[in-house]
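Undergrad: Structural data only, the sequence is not supplied:
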Ligand code: 13P
């Protein structure tokens, strides 16, 4: 069992009324502990990297490590390129072995978003690679994509229908009130809008900005058809805070295994809580745990 296209994974999740968490990973070791968490909970999972992480670790290296980890842990695993605006980077990722890519042209007018997405769908679908596109604009900061609160825009249901029809995109991320990063207050999720969009398009939907969204809200989104739930900030924070706490208590510590183990345990627990939240626990039978 190597890396799988996320199209069938997400279709199946949607049909079975649970979600799949897509965790942003930032290092090679995080690929292993995310998969360890998924295997322990008998859950499918998606690993995703931003373009910044691709630049720092290399697409081929990430894909090779992810493939080896997926073979070791034996749970359905997808590898997704998050928020990419550049077709050349998308082509490199597909060549390297990514099984899903996001063409984020949400900052462009509708017609241009359609045209850019279509170009990627034409290439990816012939290779069995999933494509994700965004409609509306998700607020917050994700790597070097910054959308101010004032510029965030919710997706229009009729445009979602037209977009899927014209592009044939297999997964769609409509902006529905969540944002990347940690919220100042409680996120105002537009559930009615999600329901309308889900009525008008058949493809699995993607929830961006999954960190710090109350559990019951995420569950409601999943029940309405948001099959992929993206989580980055909370995982990153759990890992980094464990390292920060370690050095606050042991400032002279020089053994990386000591603090990396604590960071791994904290992040793994966070990953498990998110997997349980979307209801994908015990949905697969891994050969080895
Ligand atoms: P958070 O950082 O809010 O979890 O968002 C992750 C995300 O949507 C990645 O695309």
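TA: Done, it's in. Nothing here was measured: the structure is a model prediction, and the numbers come from that model.

Undergrad: CA only for contacts and neighbour counts going forward, please
TA: Will do.

Undergrad: Taking the stretch 1-150 of the chain, what residue is nearest to the ligand?
TA: residue 82 (5.8 Å; C-alpha to the nearest ligand atom).

Undergrad: Following the helix or strand containing that residue in sequence, what is the next regular element?
TA: Element membership of residue 82, judged by DSSP states H and E, is strand 77-84. As assigned by DSSP H and E, the chain's next helix or strand after strand 77-84 is helix 87-96.

Undergrad: buried stuff in that following helix?
TA: Within helix 87-96, the residues that count as buried by 16 or more other C-alpha atoms under 10 Å are 87, 89-90, 93-94, 96.

Undergrad: how close does the residue lying closest to the residue of the stretch 1-150 of the chain closest to the ligand once chain neighbours are set aside get to residue 102?
TA: Among residues not flanking residue 82 along the chain, residue 50 sits closest, at 4.9 Å (C-alpha to C-alpha, 6 or more residues apart in numbering). From residue 50 across to residue 102, the span is 10 Å (C-alpha to C-alpha, to the nearest Å).

Undergrad: any shared contact partners between those two?
TA: 81-84 (C-alpha atoms under 8 Å, 6 or more residues apart in numbering).

Undergrad: export the residues you listed to JSON lines and tack on pLDDT and neighbour count?
TA: Listed next are the shared contacts of residue 50 and residue 102 as JSON lines, based on pLDDT from 0 to 100; neighbours: other C-alpha atoms under 10 Å:
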{"residue": "81", "pLDDT": "98", "neighbour count": "26"}
{"residue": "82", "pLDDT": "98", "neighbour count": "26"}
{"residue": "83", "pLDDT": "97", "neighbour count": "23"}
{"residue": "84", "pLDDT": "98", "neighbour count": "20"}
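
Undergrad: Surely the residue of the stretch 1-150 of the chain closest to the ligand touches residue 47?
TA: No - judged on C-alpha atoms under 8 Å, residue 82 makes no contact with residue 47 at a distance of 9.7 Å.

Undergrad: give the contact list for residue 115.
TA: Taking C-alpha under 8 Å, 6+ apart, we find residue 115 in contact with residue 167.
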